[in-house]
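Colleague: below: sequence and its predicted model.
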Amino acid sequence: MDAFYASVEIRDNPSLRGKPLIIGSLPQERGVVATCSYEARKFGVHSAMNIKEAFRLCPQGVYMHPDFEKYRAVSAQLHTIWNTYASVSETIALDEAYLDVTEKAGTWENACEIARTIKRRTLAELGLTCSVGVAYSKTAAKIASEEKKPDGYFEIPTPQAFVDLIIDRDVRVLYTVGGKTAERLSSAGIRTVRDIQQNRETVIRLLGKQGVWITEIAFGRDDRKVVAYRPEEAKSVSRELTFQEDVDDFAFLSDVLLLLALSVERRAARIGLYGEGVSLKLTYADMKSISRSRMIPPARSAAVIYREASKLLEQVPRKPVRLIGAGLYHLTGENGRQLSFDDVLPDTDSRRQRETEAALQRLQARYGLDFSGNLDKIFQGETLYRTVEYMRKHAP
């Protein structure tokens, strides 16, 4: 999709059309740009940019918080259209997917017609533009989809066509080549795809297995299959929050962990998984991040996540905190889950629920908010973030 979040907001509020729209944190807040309209990009604004830098570059921009519930709903509609034409669909993000249309298309010409049909339907049914690449491989399709953005369409039918297109481009055009990898290659005088082709042994010596992969795709060779994404194959489930001001009150941080634990519990239940480990993440005011973890019998209840994450919190250095997160890892399904001692005890689920409810009542007494009666609302959109900010400002 083209600037997905921004495009949805412009579609729903046409008065935003033509304006530099920045979705993410607000200028007076901490945070980053989630995405922005193409008008904002002309000022140098881009995703993941610090919001203060974005405001410096584009003070006249329109700044909005993201509405993730809306974007998820639109995403479901998008993928319903796209998946109609694929034998296998690999979801990359809310707004992006690889579609294997080999079987359904049968010919290259039919594949191209499917691509055009997807563009037409996406615009006609949802009022949004997308950029589609048709190619012989995943790497080539990804590059083709970005070649004519926004509202683009591009074809790369053969490995030779792919090489001809990118041969003199910067190495970062290749999949998996990020900034640090590009720096290592540049230190050896390798700056373009042509340089990679001409210095294959050097690339492999510098980068090992990644170097082998990079040299293969530099010649247009990529035989990876489109693999359907399944939530049950996720390796971890987590939730984190950045505070608007640094926090040195660890009792408050423990309260926040309860809400994060509830969010993680809901996400894990949604995909039917249990975790065999609980993790805690902190980013301090000096931007140093640490993570701590501990193994547990398979569980996903908020009571367990909160209890174990709180124990981890007690063991970390007590310095002002900028960000806190909690999660489950080593995920397993019901069938692969070994029963723990807790599982054979009577009333385990009820006991854990009572633990969670008691903790929520303590929060209600401390902050004057009805947490138990509003959990569904708290975990919608930006409400959790706003709730935690209210708690921070009113912490006793």
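Modeller: Sure thing, it's come through.
Colleague: Val62 is in contact with Lys19, isn't it?
Modeller: Yes: shown here, Val62 and Lys19 form a contact pair, counting by C-beta atoms under 8 Å, at 5.3 Å. (C-beta placed from N, C-alpha, C; glycine too.)
Colleague: the two - which one has more neighbours?
Modeller: Legend: neighbour count by other C-beta atoms under 10 Å for Val62 and Lys19, higher for Val62 (20 against 15).
Colleague: quick one, what contacts the more buried one?
Modeller: Contacts for Val62 (C-beta atoms under 8 Å, 6 or more residues apart in numbering) come out as Leu16, Lys19, Pro20, Leu21, Ile22.
Colleague: part of a strand, is the last one?
Modeller: Yes: under DSSP: H, G, I helix; E, B strand; the rest coil, Ile22 sits within a strand.
Colleague: just to revisit the earlier point, dump the contacts of Val62 into CSV; add distance to Asp100 and pLDDT as well.
Modeller: Shown next, in CSV, are the contacts of Val62 (distance: C-beta to C-beta, whole Å; pLDDT from 0 to 100):
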residue, distance to Asp100, pLDDT
Leu16, 36, 97
Lys19, 38, 97
Pro20, 37, 97
Leu21, 34, 97
Ile22, 35, 97
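Colleague: where along the stretch 1-150 of the chain do the helices fall?
Modeller: 4-12, 38-41, 51-57, 68-83, 102-105, 108-126, 138-147 (DSSP state H, counting those that start in this stretch).
Colleague: just to revisit the earlier point, and the contacts of Val62, which of them are buried?
Modeller: Leu16, Pro20, Leu21, Ile22 (16 or more other C-beta atoms under 10 Å).
Colleague: Ser186: which of the residues you listed is nearest?
Modeller: Ile22 (31.4 Å; C-beta to C-beta).
Colleague: now do the contacts for that closest one.
Modeller: Contacts of Ile22 by C-beta under 8 Å, 6+ apart are 6, 33, 36-37, 40, 45, 51, 54, 58, 61-64.
Colleague: check Gly368 too.
Modeller: Here Gly368 is in contact with His394 (C-beta under 8 Å, 6+ apart).
Colleague: rerun at 10 Å
Modeller: Tyr390, Met391, His394 (C-beta atoms under 10 Å, 6 or more residues apart in numbering).
Colleague: mind checking which of these land in helices?
Modeller: Counting by DSSP state H, these place Tyr390, Met391, His394 in helices.
Colleague: export the contacts of Ile22 to CSV and tack on distance to Gly127 and pLDDT?
Modeller: CSV is the format used below for these (distance: C-beta to C-beta, whole Å; pLDDT from 0 to 100):
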residue, distance to Gly127, pLDDT
Ala6, 13, 95
Val33, 23, 92
Cys36, 19, 95
Ser37, 15, 96
Ala40, 20, 97
Val45, 24, 96
Ile51, 28, 94
Ala54, 26, 96
Cys58, 25, 98
Gly61, 23, 97
Val62, 19, 97
Tyr63, 23, 97
Met64, 18, 94
